[in-house]
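1. Fold the following and give me the result.
(chains A and B)
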Amino acid sequence: MYTQAIDIPNKQQDTQAKQPLSDKEIGYQAEFDARIANGEVVEPKDWMPEAYRKTLIRQISQHAHSEIVGMLPEGNWITRAPTLKRKAILLAKVQDEGGHGLYLYAAAETLGVSRDELIEALHAGRAKYSSIFNYPTVTWADIGVIGWLVDGAAIMNQIPLCRCSYGPYARAMVRICKEESFHQRQGFDLLLTMMRGTQAQRDMVQDAVNRWWWPSLMMFGPHDSQSQHGEQSMRWGIKRISNDELRQKFIDATVPQAAVLGVTLPDARLELNEATGHYAHGEIDWDEFWNVVNGHGQCNRERLAERVQAWEDGAWVREAALAYAAKE
Amino acid sequence: MDQKEWPLWEVFIRSRNGLDHKHCGSVHATDARMALQAARNVFTRRQEGVSIWVVRGDHIVASDPDAKPEMFDPMEDKIYRHPTFYKLPDEVDYM
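-> Model (predicted):
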């Protein structure tokens, strides 16, 4: 899964005063800019501008936090899965999300920040994670819709990141994208099974689609005109395709899938423009988006409290492992 | 940050016999056994490997990226080390 938080600044990190560069740094900077322009990949020990390093730390750690927090809404349904098969699939998926979080934390750590610092920033509420996980999963159909729409949007967002200019991030993304396809397909498969069931099951799927459609579109982040880091990230080769372009690609890919499933997407203005080949769509409720990003969504407090609780409950395990290693 | 952070281990996986172990990522663990276990859980959930190496990150010695010119540039003008340097008659060019 992925975070639109790519565009959401962390106040503490972004307001630091800029220091003038030394002559040596100006030389390094020119070399760095040339390498980026040339499509070369930056590796951990290479010189990089402080702002590039900070942008990456912010983006990769927010991405990692999203994977980890994203385990909560789905983990909620592991004990409630309707069959053993679905339970095994959901367990595997949630385990993957945990793994994705680990790949990404490790990539962020190559930039000289420690795992503990990153986790502390999340728990203190300084670091963001994807707003999508602040919506509740109230029925089993939500699990299917998360796979289909939320992971579908994530894949759209993540594929261009496989070509990101920072090597460790790009490599983590390649691994993640390989695994993400299973997530989307199992979601669609789950929904298809429900749609072939009773009317009550079909209604449940439609209700879930109604609730998740707009938040899924918000995952691509603010309009390009409102995107605070977009342009600089493009120049640095961290971001390759703009928020609005990715959102459009996702809509174009999803509308025909909804028809196969037999559900209606909750946007009366959704219509194919024959001339462009793209679907026109209604306006996103940006007030809702910023509200959730700024901590006032339905589940923000619950998710963070659960994360902190899990970390504190695990403290004795971390200490015991260290004590055991010290004795060996 | 402090003593409470678990050490970092680099993970190398042989995807199948006949191939080299290849670096695939890192894990935090307090000892070698735990590092192997974590590497197995994180990197081989889909049978991606038949053998795992874990090496403590601080035991790896790496070349200095700033020393790239003196390390690698001396090879730049030794093109006679490549087979394509030698133009042979067509009849024997498969050599």
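2. all contacts plus neighbour counts: C-alpha atoms, from now on.
-> Noted.
3. who's in contact with residue 93?
-> Looking at chain A here, since you left the chain open. With contact set as Cα atoms under 8 Å, 6 or more residues apart in numbering or on different chains, A:Lys93 has these partners: A:His183.
4. Let me rephrase: I mean chain B.
-> B:Lys87.
5. Distance of it relative to chain A?
-> From B:Asp93 over to chain A the distance is 34 Å, taken as Cα to the nearest Cα, to the nearest Å.
6. Spatially nearest residue to A:Arg53, not counting backbone neighbours?
-> With Cα to Cα, 6 or more residues apart in numbering or on different chains as the criterion, A:Arg53 has its nearest non-adjacent residue at 6.7 Å, and that residue is A:Leu111.
7. can you give me the strands for chain A?
-> For chain A, the strands defined by DSSP state E cover A:271-273, A:278-280.
8. if I pick the closest residue to A:Leu191 other than its chain neighbours, what's in contact with it?
-> Take A:Leu191 and drop its neighbours on the chain: the residue closest to it by Cα to Cα, 6+ apart is A:Gly144, 5.5 Å away. Shown in contact with A:Gly144 (Cα under 8 Å, 6+ apart): A:Gln186, A:Gly187, A:Phe188, A:Asp189, A:Leu190, A:Leu191.
9. near chain B, which residues of chain A?
-> Taking Cα under 8 Å from any Cα of the partner chain as the contact definition, chain A meets chain B at A:45-46, A:99, A:102-103, A:106, A:114-117, A:319, A:321-322, A:325.
10. any chance of those residues in TSV, with pLDDT too?
-> Shown next, in TSV, are the residues of chain A next to chain B (pLDDT from 0 to 100):
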residue	pLDDT
A:Lys45	87
A:Asp46	90
A:Gly99	96
A:Leu102	96
A:Tyr103	96
A:Ala106	96
A:Ser114	94
A:Arg115	94
A:Asp116	93
A:Glu117	95
A:Glu319	93
A:Ala321	94
A:Leu322	93
A:Ala325	91
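11. Turn the buried ones among those residues into a named ChimeraX selection, would you?
-> To isolate the buried members of the residues of chain A next to chain B in ChimeraX, using 16 or more other Cα atoms under 10 Å in any protein chain shown:
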select /A:99,102,103,106,114,115,322
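12. So which of the residues of chain A next to chain B belong to helices?
-> A:Gly99, A:Leu102, A:Tyr103, A:Ala106, A:Arg115, A:Asp116, A:Glu117, A:Glu319, A:Ala321, A:Leu322, A:Ala325 (DSSP state H).
13. Hmm, the second one is touching A:Ala64, no?
-> Yes. Using Cα atoms under 8 Å, A:Leu102 and A:Ala64 qualify as a contacting pair, with a distance of 7.2 Å.
14. now the strands: where do they sit in chain B?
-> Remark: strands assigned in chain B by DSSP E are B:8-14, B:21-28, B:51-56.
15. need the contact list for whichever residue of the stretch 51-200 of chain A sits closest to chain B.
-> Residue of the stretch 51-200 of chain A nearest chain B, by Cα to the nearest Cα: A:Gly99 (5.5 Å). Contacts for A:Gly99 (Cα under 8 Å, 6+ apart) come out as B:Val42.
16. if I look at it, how far off is A:Ala153?
-> To A:Ala153, A:Gly99 is 19 Å away according to Cα to Cα, to the nearest Å.
17. Could you report the neighbour count for the closest residue to A:Pro160 other than its chain neighbours?
-> The shortest distance from A:Pro160 to any non-neighbouring residue, by Cα to Cα, 6+ apart, is to A:Arg240 (6.0 Å). By other Cα atoms under 10 Å in any protein chain shown, the residues close to A:Arg240 number 21.
18. Same check on A:Trp236?
-> 18.
19. wait, doesn't A:Ser233 sit right on A:Ser242?
-> No. When contacts are counted by Cα under 8 Å, A:Ser233 is not listed as touching A:Ser242 (9.9 Å).
20. separation between the residue located most distally from the centre of chain B and B:Pro83?
-> Most distant residue from the mean C-alpha position of chain B: B:Glu91, 39.9 Å away (Cα atoms, centre = their mean). Note on B:Glu91: its distance to B:Pro83, by Cα to Cα, is 16 Å.
21. Quick check: closest non-adjacent residue to A:Cys134.
-> For residue A:134 the amino acid is Asn, not Cys. Setting aside the residues directly before and after it, A:Asn134 is nearest to A:Cys299 in space (Cα to Cα, 6+ apart), at 4.5 Å.
22. Helices along the stretch 1-150 of chain A, start to end?
-> Assigned by DSSP state H, counting those that start in this stretch, the helices in the stretch 1-150 of chain A fall at A:11-14, A:23-37, A:50-69, A:71-75, A:84-109, A:115-123, A:140-145.
23. wait, A:Met156 sits on A:Gln248?
-> No. Using Cα under 8 Å, A:Met156 makes no contact with A:Gln248, being 10.1 Å away.
24. Give me the phi and psi angles of A:Trp47.
-> With angles defined as degrees, to the nearest 10, A:Trp47 sits at phi -70, psi 140.
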